[in-house]
Structure formats: C-alpha cells, structure tokens
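> coordinates only, sequence not included:
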C-alpha cells in the first residue's frame with residue numbers, strides 16, 4: 001500500500017513469525033503483493049479508510065464505492081480488475097491452507113499436550129500484535145506484558 005514504516009512493522013512481523021512457528025507454514029503465503037494483501041484482507045478485513053487514503057500505492061488495490069449520501073468507502077479490487085489495470089498476470093492462490101480467522105488456531109492440534117487455554121491466550125496475543133492499523137497495534141512493551149509472554 002506504500003505506507004511509511006515504523007517499529008510497528010516489527011511487531012507485525014513477530015506475529016507472522018509466531019504463527020508460522022506454530023503452524024509450520026506462513027500466515028500469509030502470498031506469491032505477489034496483490035495476493036499477499038488479499039490474504040491479509042481475507043483474514044483481518046479491509047484496512048481502515050484512513051490507512052487506504054494515506055497509502056501512496058493504495059489506488060492500485062482499492063476502488064472507492066460512493067454512497068447516495070456523497071460519502072464513500074473502499075473495496076479491494078478484483079483480481080481481474082488489478083490484472084487489467086496493472087497489465088500483469090497474478091498467479092493463482094491456494095486458499096486451502098489459509099486461516100479464516102485467528103481463532104481457528106485454537107482448533108489446530110500440534111501435540112498431545114496442547115491446552116486450549118494456552119492456545120486461546122496465544123490467539124489473544126496475536127490479535128493485539130496483528131492489528132491492521134499500526135496506531136492500534138500493540139507496542140513491544142504492551143506485548144511483553146501479555147500473559148502469553150509474561151506467563152502471569
């Protein structure tokens with residue numbers, strides 16, 4: 001989307017790495033920018049309007065949807081729209097191994113000793129560090145205080 005980076009991206013990266021360590025496969029196994037963003041949106045929803053408007057490349061991925069009141073929102077462009085506008089071919093994406101929501105992680109069986117409470121705590125931790133808006137995402141200090149990390 002072309003948004004500026006801050007330390008919040010490191011927190012996001014930690015969340016992605018944690019899920020990959022837990023599942024054994026990447027959280028967002030996209031094979032290009034469009035598919036990467038598509039996977040993120042399928043799991044976490046559209047980015048806030050303000051983020052879309054601040055992204056210098058958002059126009060490539062999002063189209064405005066105007067309402068009768070004059071207000072507008074955005075929608076993610078279809079694969080066909082993107083390919084036509086950008087004159088590129090987007091590789092197919094296999095959705096079989098993608099999560100529908102972070103809560104699905106509580107249903108995965110990794111070992112005989114898995115405890116649902118631990119998984120729920122892990123998912124709660126992920127929901128804080130994988131917030132789409134970097135202003136809402138937990139800071140490293142906030143993450144460190146979470147029971148999944150602090151064990152308190």
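In hand now; what should we look at? No experiment lies behind these values; they were computed from the predicted model shown.

> Isn't residue 52 up against residue 74?
Yes. The pair residue 52 / residue 74 is scored as a contact, 5.0 Å apart, by C-beta atoms under 8 Å. (Glycine included, C-beta is placed from N, CA and C.)

> Mind listing the shared neighbours of these two?
Here residue 52 and residue 74 have 46, 58, 62 as joint contacts, going by C-beta atoms under 8 Å, 6 or more residues apart in numbering.

> Show the buried residues in those.
Neighbour counting by 16 or more other C-beta atoms under 10 Å classes 58, 62 among the shared contacts of residue 52 and residue 74 as buried.

> Mind putting the shared contacts of residue 52 and residue 74 into CSV with secondary structure, pLDDT and distance to residue 90?
Converted to CSV, these look like this (DSSP: H, G, I helix; E, B strand; the rest coil; pLDDT from 0 to 100; distance: C-beta to C-beta, whole Å):
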residue, secondary structure, pLDDT, distance to residue 90
46, coil, 96, 19
58, helix, 95, 17
62, strand, 97, 16
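
> nearest to residue 144, of the shared contacts of residue 52 and residue 74?
Set against residue 144, the nearest of those by C-beta to C-beta is residue 46 (29.4 Å).

> what mean pLDDT does the biggest helix by length in the chain have?
Ranked by number of residues, the top helix in the chain under DSSP state H is helix 8-23. The average of the pLDDT scores along helix 8-23 is 94.

> So which residues make contact with the helix or strand that comes right after that helix?
Per DSSP states H and E, the first helix or strand lying C-terminal to helix 8-23 is helix 33-44. For helix 33-44, the external contacting residues (C-beta under 8 Å, 6+ apart) are 1, 27-30, 47, 61, 76, 79, 82, 90-91, 93, 95, 98-102, 130, 132.

> Report the buried members of the residues you listed.
Counted by 16+ other C-beta under 10 Å, the contacts of helix 33-44 give 1, 27-28, 30, 47, 61, 76, 82, 90, 93, 98-99, 102, 130, 132 as buried.
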